[in-house]
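Student: Just the structure for this:
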Amino acid sequence: MTETPVPASPVASENAWPTQPIPNKPPQLARNSFDVNEVADLTPEHRAVCQAMIDKDHLTGSKRFEPIPADHAIIRFPGGEGGPEWAGGAFDPKLGLFIVNTNNYGYIEKLVQQTGGEWNMTSGRFVDTKTRLYCQQPPWGMLTAVNVNTGDIAWQVNLGISDLLPEGKRNTGRPSNGGPIVTAGGVTFIGGTDDQRFRAFDSKSGKELWTYHLDYSAHATPITYQGKDGRQYVAVVATGGSYLASPAGGDSLIAFALPK
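Tutor: Sure thing, here's the model as predicted:
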């Protein structure tokens, strides 16, 4: 760990600690800063919507651990729903890899002082709510394998696609809610993403092996088990919803049989 200088608070009544302990390895797995020049430019229409958000409220970017100001709003990463989520990751003891999905999910935030002197905060998502396309440059969601013996990133891939975008620009990664599992055979299974896909990756290399299009997103961590027939199965709940505002419906628990 290295005690690293971080920005001071711009609020006179607030004294922020001047340093934060930063791990030397691995590097932070999710976006932790934003510059206003990093607005997504995947389509002219999307860029215009995001730039209008910045211009309308005079938003500024932010650096890692920058305290929230009171005189204007900042775009803060990884935000309240960024980084690893509640489901956590999975560990492959044979490969020595910890595999986890993360979100690059920015928040627009500002401090507001109440009548009695207490401080509160306004908060909104840095996203085009109509298209659910995020306003910073991708990737918007990733799957990462960390070598626990060295602290190095073994591999990192974009997790999820944006179907609304033109061909060739869809590999943006998507926010996810629901973690991975790993099998003894070296395969990582994960739903999580709001693009209604269930995926399998090679745990050693990160290569995507298989994708299945679901009726609703699988915002849950899968399970694996051996059936009465002796075969291995993987199952996941796929009903959409969650804080990602995926289309919700159904009550499906979907099971897949693995090849013998």
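Student: Below-threshold pLDDT in the stretch 151-260 of the chain: ranges please.
Tutor: For the stretch 151-260 of the chain, applying pLDDT under 70 flags no range at all.
Student: try 90 this time
Tutor: For the stretch 151-260 of the chain, the stretches with pLDDT under 90 are 241-247, 250-252, 259-260.
Student: Can you show me the helices along it?
Tutor: With DSSP state H, counting those that start in this stretch as the criterion, the stretch 151-260 of the chain has no helices.
Student: Tell me if Phe54 really is in a strand.
Tutor: Careful, residue 54 is Ile; it's not Phe. No. Judged by DSSP: H, G, I helix; E, B strand; the rest coil, Ile54 forms no part of a strand; its state is helix.
Student: pLDDT at Asn15, what is it?
Tutor: Predicted confidence (pLDDT) for Asn15: 89.
Student: I'd like to know how many residues surround it.
Tutor: For Asn15, the neighbour count with other Cβ atoms under 10 Å is 10. All C-beta atoms are positioned from the backbone trio N, CA, C, and that covers glycine.
Student: Report the beta-bridge partners for the most centrally placed residue in the chain.
Tutor: By Cα atoms, centre = their mean, the chain has its centre lying nearest to Asn103, at 0.9 Å. In this entry, Asn103 is beta-bridged to Gly83, Gly141, by DSSP bridges.
Student: Check Phe201 too.
Tutor: With DSSP bridges as the criterion, Phe201 is bridged to Thr188, Glu208.
Student: So it sits against Gly186, correct?
Tutor: No. Under the criterion of Cβ atoms under 8 Å, Phe201 is not in contact with Gly186, lying 9.7 Å apart.
Student: These two: which is more packed in?
Tutor: When neighbours are counted by other Cβ under 10 Å, Phe201 and Gly186 differ, and Phe201 comes out ahead with 25 against 15.
Student: residue contacts, that one?
Tutor: With contact taken as Cβ atoms under 8 Å, 6 or more residues apart in numbering, Phe201 is in contact with Leu143, Val157, Val187, Thr188, Ile190, Lys207, Glu208, Leu209.
Student: gap between Glu3 and Lys110?
Tutor: Between Glu3 and Lys110 the computed distance is 28 Å (Cβ to Cβ, to the nearest Å).
Student: same deal with Ala257?
Tutor: Ala257 sits 51 Å away from Lys110, going by Cβ to Cβ.
Student: Look at those two and report which has more neighbours.
Tutor: Comparing Ala257 with Lys110 by other Cβ under 10 Å, the one with more neighbours is Lys110, at 18 against 11.
Student: what mean pLDDT does the helix or strand hosting that one have?
Tutor: Following DSSP states H and E, one finds Lys110 within strand 107-113. Averaging pLDDT along strand 107-113 gives 95.
Student: Mind checking what helix or strand follows it in sequence?
Tutor: Using DSSP H and E, the helix or strand that follows strand 107-113 in sequence is strand 119-125.
Student: one step back: show me which residues of the strand holding Lys110 are buried.
Tutor: Tyr107, Ile108, Glu109, Lys110, Leu111 (16 or more other Cβ atoms under 10 Å).
Student: how far out from the middle of the chain is it?
Tutor: How far strand 107-113 lies from its chain's middle: 21 Å, per Cα atoms, centre = their mean, to the nearest Å.
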